[in-house]
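Student: One predicted model, sequence on top.
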Amino acid sequence: MRGAGDQRRRGRGAQAEAAAIEAREAASTAFYDMDQAQKYLGGRVTVFADLDSTAAAPSQRDFTRLDEAANAAAVAYISVLDANPLDDQDRSPGEFDEARRAFAAVTERLQKINGDLNGFAERLAPRMARLEAALDQLPPRLSAARDAVAAADAAIAAAREAGMDASEPEAELARAREALARLSSQGLGGLGLAGALSQADEVLAIAERAREAAAELPKLAGKVRNALTSVRTRADAVAGRVEPVRTAMRLLLRGYSQACWQDLRGAPEAIEAGATRARERLNEASELIARADWKRAQQALTAARAELNAADRRAGQVTGRVAELDAAAADPAKPAEAARFAVRDAQRLAMAQPGGAAPHHARVLDSLVARLERAPKGLTGTNPDYWAYLQELESVKTAAGDVVARIRSERAGQS
């Protein structure tokens, strides 16, 4: 009987040991699964933060809590493993049962955390998929940026070989290289995906500007040389207007009252001075061309043109004044007709409104008719003030046009 009892105890002990070993294996598998999920998710969250640190911040906080829980569970597993060495043959069935329960408890804890990690990974997956799809855009953009830098470098080298001053495109290219270096050194961890894409686009844009500026230099040289010849010819033409303007001023002084030419006094001298300043700018442009400083040469030519434009306008004012005054003196009624037509046109439009002309428009138009009647009465004396007469008629025409514009505006507002 004693032998049979010993045999039953040994049988229960073997069963308890087998169950404990099976529980230990299950705990080991759960620990491995949790550890792999923890490592995988930690890597994904790190990538997420590299791609978009702002959007990743909440996920990082959530993962930190899960990571801490997983670490605590791992410590608990190792503690259970250390406390239950199942290879000890002196253990009783009760001790094996206790070990089995400890392994089962830690297994449940590991599986729970593994489930939490996997659930978090599933929720994170769609956002990561979108970011990684955007990440696919970075390599081609980086390649395009590097190609643009290389193309700009080649264009600048060609411009220098042609004797051009390429300092400005060179400065632009240096900016592109600096931005490219920042992108290479900081990478996604420092810039984020959006920042890296933006930096690549910035490199491309700057390098393109540098290349275009360098490619434009030979064309600019030809334009500047041609412009120098053209502006010199124009400067000679403007200088040639000085004497005709002097003649026109003498005609004004002899034939018309001071009021007709007072504002033009000194015009010949101003035209001559403008032509002189323009030639100074042209000489400056020639010196800059000799030094291949095309940009500043172009600026000097622009300044010369401005001087010549001003001188041309001044000359035109004098010759135009003579023509206007001569025409008015020959037939004072002709310029008045144009003003009278403008007033009549405004009157017709005013009367065509529902209910006839509005009182405020009628008052203005009546005053314009009165001014037209008074204007010829100012042409008295040996040298009438034809200029004041012409200016008064022009003022009447402008006022009539204003009435027309106001009527049309009011009509549009009512529709």
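Tutor: Structure's in. What do you need? Being a predicted model, the structure only gives us computed values, none of them experimental.
Student: Does anything pack onto the helix or strand hosting Gly320? Which helices or strands?
Tutor: Using DSSP states H and E, Gly320 maps to helix 294-330. Helix 294-330 sits against helix 167-239, helix 242-255, helix 267-290, helix 333-351, helix 386-414, with contacts defined as 3 or more CB pairs under 8 Å, 6 or more residues apart in numbering; DSSP states H and E. All C-beta spots, glycine's among them, are computed from the backbone N, C-alpha and C.
Student: Make JSON lines out of those helices and add distance to Ala154 and mean neighbour count.
Tutor: Below are these laid out as JSON lines (distance: least, CB to CB, whole Å; neighbours: other CB atoms under 10 Å):
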{"stretch": "helix 167-239", "distance to Ala154": "8", "mean neighbour count": "18"}
{"stretch": "helix 242-255", "distance to Ala154": "51", "mean neighbour count": "16"}
{"stretch": "helix 267-290", "distance to Ala154": "25", "mean neighbour count": "18"}
{"stretch": "helix 333-351", "distance to Ala154": "63", "mean neighbour count": "16"}
{"stretch": "helix 386-414", "distance to Ala154": "58", "mean neighbour count": "16"}
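Student: which one of those lies closest to Lys112?
Tutor: With CB to CB, the closest approach to Lys112 among these belongs to helix 167-239: 33.0 Å.
Student: contacting residues for the nearest residue to Ala19 once chain neighbours are set aside?
Tutor: Closest residue to Ala19 apart from its sequence neighbours, by CB to CB, 6 or more residues apart in numbering: Arg100 at 5.0 Å. Arg100 is in contact with 16, 19-20, 22-23, counting by CB atoms under 8 Å, 6 or more residues apart in numbering.
Student: Can I have the buried ones of the residues you listed as a PyMOL selection?
Tutor: Remark: buried members of the contacts of Arg100, expressed as a PyMOL selection using 16 or more other CB atoms under 10 Å:
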select buried, resi 16+19+20+23
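Student: now the least confident helix or strand in the chain by mean pLDDT: how far from the chain's centre is it?
Tutor: In the chain, no helix or strand scores lower on mean pLDDT, DSSP states H and E than helix 2-51, which sits at a mean of 76. How far helix 2-51 lies from its chain's middle: 61 Å, per CA atoms, centre = their mean, to the nearest Å.
Student: Going by neighbour count, list what's buried in the helix or strand following it.
Tutor: Where DSSP H and E defines the elements, the next helix or strand beyond helix 2-51 is helix 53-83. Buried residues in helix 53-83, counted by 16+ other CB under 10 Å: 53, 56, 59, 63, 66-67, 69-70, 73-74, 76-77, 80-81.
Student: give me the low-pLDDT residue ranges for this protein?
Tutor: 1-13, 48, 50-56, 88-89, 128, 130-138, 184-193, 414-415 (pLDDT under 70).
Student: residues in contact with stretch 291-310?
Tutor: With CB under 8 Å, 6+ apart, stretch 291-310 has contacts from 163-165, 168, 217, 220-221, 223-224, 227-228, 231, 234-235, 238, 274-275, 277-279, 281-282, 284-285, 288-289.
Student: hey, C-alpha coordinates of it in PDB?
Tutor: Output of stretch 291-310 as PDB, limited to C-alpha atoms (Å, rounded to 0.1, in the frame of the first residue of the first chain):
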ATOM      1  CA  ARG A 291      35.200  96.100 -66.500                       C
ATOM      2  CA  ALA A 292      32.400  93.600 -67.500                       C
ATOM      3  CA  ASP A 293      30.200  95.000 -64.800                       C
ATOM      4  CA  TRP A 294      27.100  94.600 -66.800                       C
ATOM      5  CA  LYS A 295      24.600  95.100 -64.100                       C
ATOM      6  CA  ARG A 296      25.900  98.500 -63.000                       C
ATOM      7  CA  ALA A 297      26.400  99.400 -66.600                       C
ATOM      8  CA  GLN A 298      22.700  98.700 -67.200                       C
ATOM      9  CA  GLN A 299      21.800 100.800 -64.200                       C
ATOM     10  CA  ALA A 300      23.900 103.700 -65.600                       C
ATOM     11  CA  LEU A 301      22.100 103.400 -69.000                       C
ATOM     12  CA  THR A 302      18.700 103.500 -67.200                       C
ATOM     13  CA  ALA A 303      19.800 106.700 -65.400                       C
ATOM     14  CA  ALA A 304      20.800 108.200 -68.800                       C
ATOM     15  CA  ARG A 305      17.500 107.300 -70.300                       C
ATOM     16  CA  ALA A 306      15.700 109.000 -67.400                       C
ATOM     17  CA  GLU A 307      17.600 112.200 -68.000                       C
ATOM     18  CA  LEU A 308      16.800 112.100 -71.700                       C
ATOM     19  CA  ASN A 309      13.200 111.400 -71.100                       C
ATOM     20  CA  ALA A 310      12.900 114.400 -68.900                       C
END
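Student: Can you point out the buried residues in it?
Tutor: In stretch 291-310, counting by 16+ other CB under 10 Å, buried: 293-294, 296-298, 300-301, 303-305, 307-308, 310.
Student: For Ala121, list the residues it contacts.
Tutor: Residues counted as contacts of Ala121 (CB under 8 Å, 6+ apart) are 37, 40-41, 44.
Student: I'd like the distance between Ala338 and Ala388.
Tutor: 17 Å (CB to CB, to the nearest Å).
Student: wait, I meant Ser395
Tutor: 10 Å.
Student: picking up where we left off before, of all the buried residues of helix 53-83, which comes closest to Gln199?
Tutor: The closest of the buried residues of helix 53-83, once distances to Gln199 are taken by CB to CB, is Ser53, at 15.2 Å.
Student: Next up, the contacts around Ala70.
Tutor: Applying CB under 8 Å, 6+ apart to Ala70 gives the contacts 34-35, 38, 113, 117.
Student: Would you mind listing which of the contacts of Ala121 are buried?
Tutor: 37, 41, 44.
Student: returning to that earlier point: list just the nearest of the buried residues of stretch 291-310 to Thr29.
Tutor: Trp294 (76.9 Å).
Student: Could you find the closest non-adjacent residue to the closest one?
Tutor: Here the nearest residue to Trp294 in space, its sequence neighbours aside, is Leu220; by CB to CB, 6+ apart that works out to 4.8 Å.
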